[in-house]
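Visitor: Structural data only, the sequence is not supplied:
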């Protein structure tokens, strides 16, 4: 049967401010358009490591694919967990190590330490783009009296926000460095969003979470946030829905605030 062209268009998703006291935003892919910067840094770092590993062990290893591996293995995850996930996908199992390991050591921590330098170079070269629709929404929410937090797995979150000029837009910034220092489990565990709500002085059920990654949506759902909004930047709404998103949009401009 052909579609009914006379049918009314679907109503836009609604964010009812009376239901919430705080809004918790992921950074990469939600506030800033930086996944391509992260993906490029991950590729350079992993390809260098894999080349050294292959030479040392006499094996052939498939290089990092920024279009596939980034979103499957590292997007939204704490840095070292992302490294473990990707290396496992290549059949590489190395010790976790400690943050004191030298850069050339074959440990998860040593590989993670290398990534920061690669990212800083790419950040300086590419800069940071922002999603203006997200910034517009944050300004409206602040004007309405909502508390605003950024909750990011990235250990470079402050550097990204400083480069983008958005540091002052948030009442609370909880990035990868702070999450690690507090001994919290990273996304997809609920800890980051639960802790953000606690620091803002509101129960998780009175928060709305804005996420674009699978791990982030799972984290918001596990934290029992009152609303989890999935932002579909990769044309895969079903994956966000399966992860636990209550509402899915392709851009926050689609969201109606009441």
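Guide: Right, received. Where do you want to start? Everything quoted here is computed from the prediction, not taken from an experiment.

Visitor: so who does residue 26 touch?
Guide: Residues in contact with residue 26 (CB atoms under 8 Å, 6 or more residues apart in numbering) are 76, 150, 151, 152, 209, 210, 211, 212, 213, 216. Every residue, glycine included, has its C-beta placed from N, CA and C.

Visitor: Ok, residue 180 next?
Guide: Neighbour list for residue 180: 78, 155, 186 [criterion: CB under 8 Å, 6+ apart].

Visitor: Wasn't it part of a strand?
Guide: No - counting by DSSP: H, G, I helix; E, B strand; the rest coil, residue 180 is not part of a strand but helix.

Visitor: Next SSE downstream of the lowest-mean-pLDDT helix or strand in the chain?
Guide: The weakest-scoring helix or strand in the chain, judged by mean pLDDT, DSSP states H and E, is helix 108-126 (a mean of 85). On the C-terminal side of helix 108-126, the nearest following helix or strand under DSSP states H and E is strand 129-130.

Visitor: Am I right that residue 126 is in contact with residue 38?
Guide: No - look at residue 126 against residue 38 with CB atoms under 8 Å: they stay out of range, at 10.4 Å.

Visitor: Out of those two, name the residue with the larger neighbour count.
Guide: Neighbours per residue, other CB atoms under 10 Å: of residue 126 and residue 38, the larger number sits with residue 38, 24 against 14.

Visitor: Read off the pLDDT value for residue 236.
Guide: Residue 236 carries a pLDDT score of 91 in this model.

Visitor: Next, find the distance separating it from residue 243.
Guide: 10 Å (CB to CB, to the nearest Å).

Visitor: So between these two, which is more surrounded?
Guide: Ranked by neighbour count (other CB under 10 Å), residue 236 and residue 243 place residue 243 first, with 20 against 14.

Visitor: Mind telling me what element residue 142 is part of?
Guide: helix 132-143.

Visitor: Check which helices and strands that helix sits against.
Guide: On a contact count with 3 or more CB pairs under 8 Å, 6 or more residues apart in numbering; DSSP states H and E, helix 132-143 meets strand 22-25, strand 147-151, strand 256-257.

Visitor: Mind listing what's buried along it?
Guide: For helix 132-143, burial by neighbour count (16 or more other CB atoms under 10 Å) applies to 134, 135, 137, 138, 141.

Visitor: which among these gets closest to residue 72?
Guide: residue 134 (24.4 Å; CB to CB).

Visitor: Give the full set of residues in contact with that closest one.
Guide: 25, 30, 31, 210, 252.

Visitor: Next, work out how far apart it and residue 93 are.
Guide: Distance, residue 134 to residue 93, using CB to CB: 39 Å.
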